[in-house]
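K.L.:
coordinates for the following, if possible.
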Amino acid sequence: MNIRKYYYTKQFLNFFILNFVLISLALLYFFGDDEEFFSKGMLQSWICAIPLIIIQYFFLNRKQDWLYKILVFYISMLVFLFIYGMLLSMTNIDYTIIDMLKGGFLLMVFGQIFGIPLTLLVAFINGGLQDKVFIK
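P.N.:
Residues are numbered from 1 along each chain as shown. Alright, predicted model coming up:
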């Protein structure tokens, strides 16, 4: 696996910035009027999103099939929702691992209501810009 082939490119930088902005805009849309979200929730979402964007780029460049790419975006969304739900469930001092898992599963299940259309929108935007964000 040649890391330079994927990550030391202008396409990766474009992909990272595009998807970081798309995730941030989606979260601002859903939580924009909550002041506590800006202080805690946005930072937690970025902690979840940044590694996922980096990891998913490798898998998205493995195949040119768009059904495969949509599946990678969907699985990334599920992982993001699960990890983000776990982080959000750590709101008090008395949280347990069961509380964290429950929070992760709940956000993963209920987040799909809005997440599936957003995943398709993100895939569509990335597809429209595929020459600028994916390696040929």
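K.L.:
against which helices or strands is the helix or strand hosting residue 17 packed?
P.N.:
Secondary structure from DSSP states H and E places residue 17 in helix 10-31. Applying 3 or more C-beta pairs under 8 Å, 6 or more residues apart in numbering; DSSP states H and E, one finds that helix 10-31 contacts helix 42-60, helix 97-128, helix 130-133. All C-beta spots, glycine's among them, are computed from the backbone N, C-alpha and C.
K.L.:
distance from that helix to the middle of the chain?
P.N.:
Here helix 10-31 is found 8 Å from its chain centre; the criterion is C-alpha atoms, centre = their mean, to the nearest Å.
K.L.:
do stretch 106-116 as well
P.N.:
Distance, stretch centre to chain centre, for stretch 106-116: 13 Å (C-alpha atoms, centre = their mean).
K.L.:
mean neighbour count, distance to residue 25 and mean pLDDT added to the helices and strands packed on helix 10-31, as a markdown table?
P.N.:
What follows is the helices and strands packed on helix 10-31, written out as a markdown table (neighbours: other C-beta atoms under 10 Å; distance: least, C-beta to C-beta, whole Å; pLDDT from 0 to 100):
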| stretch | mean neighbour count | distance to residue 25 | mean pLDDT |
| --- | --- | --- | --- |
| helix 42-60 | 17 | 11 | 90 |
| helix 97-128 | 15 | 10 | 90 |
| helix 130-133 | 16 | 17 | 88 |
